[in-house]
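Visitor: Just need the structure, nothing else, for what follows:
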Amino acid sequence: MVLLLEELKVYNEQAPNDLANYPKTKIKISSFLKRNDRYYFINRFNNVIIEDYTDSKAGKSITKNILEVIVEFIKDSYSSLVLRNQIPENQLENYEAYLSTNNKSLNQELKDGVYLSFKSFFEQTPSSQHTLEKNKKGEVKKIVNNQDLKISISEVFCYVDNGKAYRITPVGFLEMKKDENGFYILSSRTQLFAQKAGTGAMIGGIAGGMVGVLVGAAIDSESNKGVAKGFGFKTPTITKVYIDPLTGAFIFTE
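Guide: Predicted coordinates:
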């Protein structure tokens with residue numbers, strides 16, 4: 001397994017909607033399986049962590065968070081499924097652009113329907129077993145299966161209606177808008193993070209499979225269905241939260 005530390009930056013910043021000038025840590029780290037000079041993407045952590053402390057305690061908290069992220073990321077990578085697409089060694093530094101060419105959700109018109117996983121959204125293959133039910137105003141009220149039974153929204157990654165995608169979050173479905181950096185929703189850490197920091201859980205973690213044994217599906221179907229957990233202070237600041245084009249995880253950039 002090869003780890004690629006792409007960015008590690010500690011700084012102070014008061015984002016446009018932040019309540020204070022917070023210490024922050026930007027971490028971007030990726031993992032790959034190497035076989036015969038070919039690389040296969042496993043997973044990545046790509047987020048900004050905010051510290052609640054602004055005094056001498058901030059340094060200790062930053063160090064603790066960096067350590068926890070890296071340790072949990074390595075552990076998570078050893079139990080993750082591997083992207084089947086090969087990356088030549090000379091393309092490793094450009095792996096995101098290289099792999100994103102296969103992301104149909106970014107490169108074609110979205111197909112209407114229900115997507116039970118990020119993998120299905122990535123490949124633009126909506127479920128043939130599920131449909132949207134709307135009220136007289138045309139608003140989506142529930143999702144049903146082919147037995148006309150309502151399913152839990154926790155079983156859904158997103159749905160697309162009239163060409164617009166809506167991502168499941170703890171506060172309901174939010175529209176996924178798109179800019180030059182990809183899909184994003186407008187939300188906050190308070191809304192998206194289910195538990196407090198220090199739980200040892202990863203953002204966008206992928207479960208199942210054995211590295212070196214299984215080179216399997218692009219994204220595990222169980223990934224990202226539930227509420228993401230994260231590190232650091234959960235601020236109510238509303239920002240653009242991007243959807244990782246390779247994992248479906250939430251990415252905070254400020």
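
Visitor: in stretch 47-64, what's buried?
Guide: Neighbour-count burial for stretch 47-64, counted by 16 or more other CB atoms under 10 Å, picks out 47-51, 58, 61-62. (Each C-beta comes from the backbone N, C-alpha and C, glycine too.)

Visitor: Stretch 20-32 too?
Guide: Those would be 22-32, for stretch 20-32 by 16+ other CB under 10 Å.

Visitor: I'd like the distance between residue 147 and residue 131.
Guide: Going from residue 147 to residue 131 by CB to CB, to the nearest Å gives 11 Å.

Visitor: got it, and residue 240?
Guide: Distance from residue 240 to residue 131, by CB to CB: 30 Å.

Visitor: Same question for residue 116.
Guide: Taking CB to CB, one finds residue 116 at 13 Å from residue 131.

Visitor: which of those two has more neighbours?
Guide: residue 116 (22 against 16; other CB atoms under 10 Å).

Visitor: I figured residue 53 was touching residue 63, is that so?
Guide: No: using CB atoms under 8 Å, residue 53 is not in contact with residue 63, being 11.9 Å away.

Visitor: Low-confidence stretches in the chain?
Guide: Per-residue confidence for the chain (pLDDT under 70) gives these ranges: 194-230.

Visitor: From the centre of it, give me the residue that's furthest out.
Guide: residue 136 (33.8 Å; CA atoms, centre = their mean).

Visitor: Distance from the chain centre to the lengthiest helix in the chain, please.
Guide: Under DSSP state H, the helix in the chain containing the largest number of residues is helix 57-77. Relative to its chain's centre, helix 57-77 lies at 18 Å (CA atoms, centre = their mean, to the nearest Å).
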